[in-house]
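Novice: please work out how this folds:
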Amino acid sequence: MSDLLALEDAFARTFYAHRPQLASFGKCGTVRDLHYVRDAWLFGMACDLCPVEAVPVKEGVVRDALGKGGSKGLNQTIDAARAATGWPQLVEALHSKALLVG
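Specialist: Below is the predicted model of the structure:
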């Protein structure tokens with residue numbers, strides 16, 4: 001299997017695995033809610049498809065949760081991910097892979 005075919009397969013499988021997250025868009029009442037759902041989906045996809053770039057972001061999420069006595073839910077997790085070192089690079093790495101697979 002070529003590298004591109006392997007990436008296409010991995011992307012499709014990962015997209016399918018994170019598809020339930022997309023259903024949360026229907027429950028959003030504000031643009032802010034939409035952005036949380038979008039970024040949660042991006043974070044999940046990127047963690048699976050871009051594991052190297054995900055390391056500093058995951059570490060930032062864990063540090064945030066430990067500093068606050070545990071995670072208080074999705075919004076706190078996504079806020080921590082967005083604030084973490086490496087968030088822009090993680091999102092860019094996922095977008096680059098998406099462009100490759102079309």
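Novice: may I have the helix or strand harbouring Val52 as CSV, with CA atoms only?
Specialist: Per DSSP states H and E, Val52 falls inside helix 51-67. The C-alpha trace of helix 51-67 is given here as CSV (Å, rounded to 0.1, in the frame of the first residue of the first chain):
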residue,chain,number,x,y,z
PRO,A,51,0.6,12.0,17.5
VAL,A,52,4.0,13.8,17.6
GLU,A,53,2.4,17.2,17.3
ALA,A,54,-0.2,16.2,19.9
VAL,A,55,2.3,15.6,22.7
PRO,A,56,2.7,19.2,23.9
VAL,A,57,-1.0,19.9,23.6
LYS,A,58,-1.9,16.8,25.6
GLU,A,59,0.7,17.7,28.2
GLY,A,60,-0.9,21.2,28.5
VAL,A,61,-4.3,19.7,29.0
VAL,A,62,-3.1,17.4,31.8
ARG,A,63,-1.1,20.3,33.5
ASP,A,64,-4.3,22.4,33.4
ALA,A,65,-6.4,19.7,34.9
LEU,A,66,-3.9,19.0,37.6
GLY,A,67,-3.6,22.7,38.4
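Novice: mind giving me the packing neighbours of it?
Specialist: helix 31-49, helix 74-83, helix 87-101 (3 or more C-beta pairs under 8 Å, 6 or more residues apart in numbering; DSSP states H and E). Every residue, glycine included, has its C-beta placed from N, CA and C.
Novice: which residues does that helix contact?
Specialist: 43, 46-47, 71, 76-77, 79-81, 83-87, 89-90, 93 (C-beta atoms under 8 Å, 6 or more residues apart in numbering).
Novice: can I get the helices and strands packed on helix 51-67 in CSV including mean pLDDT, mean neighbour count and distance to Ala10?
Specialist: CSV is the format used below for those (pLDDT from 0 to 100; neighbours: other C-beta atoms under 10 Å; distance: least, C-beta to C-beta, whole Å):
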stretch, mean pLDDT, mean neighbour count, distance to Ala10
helix 31-49, 94, 17, 6
helix 74-83, 92, 17, 21
helix 87-101, 95, 16, 9
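Novice: and these as JSON lines, adding distance to Glu8?
Specialist: Output for those, formatted as JSON lines (distance: least, C-beta to C-beta, whole Å):
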{"stretch": "helix 31-49", "distance to Glu8": "11"}
{"stretch": "helix 74-83", "distance to Glu8": "26"}
{"stretch": "helix 87-101", "distance to Glu8": "5"}
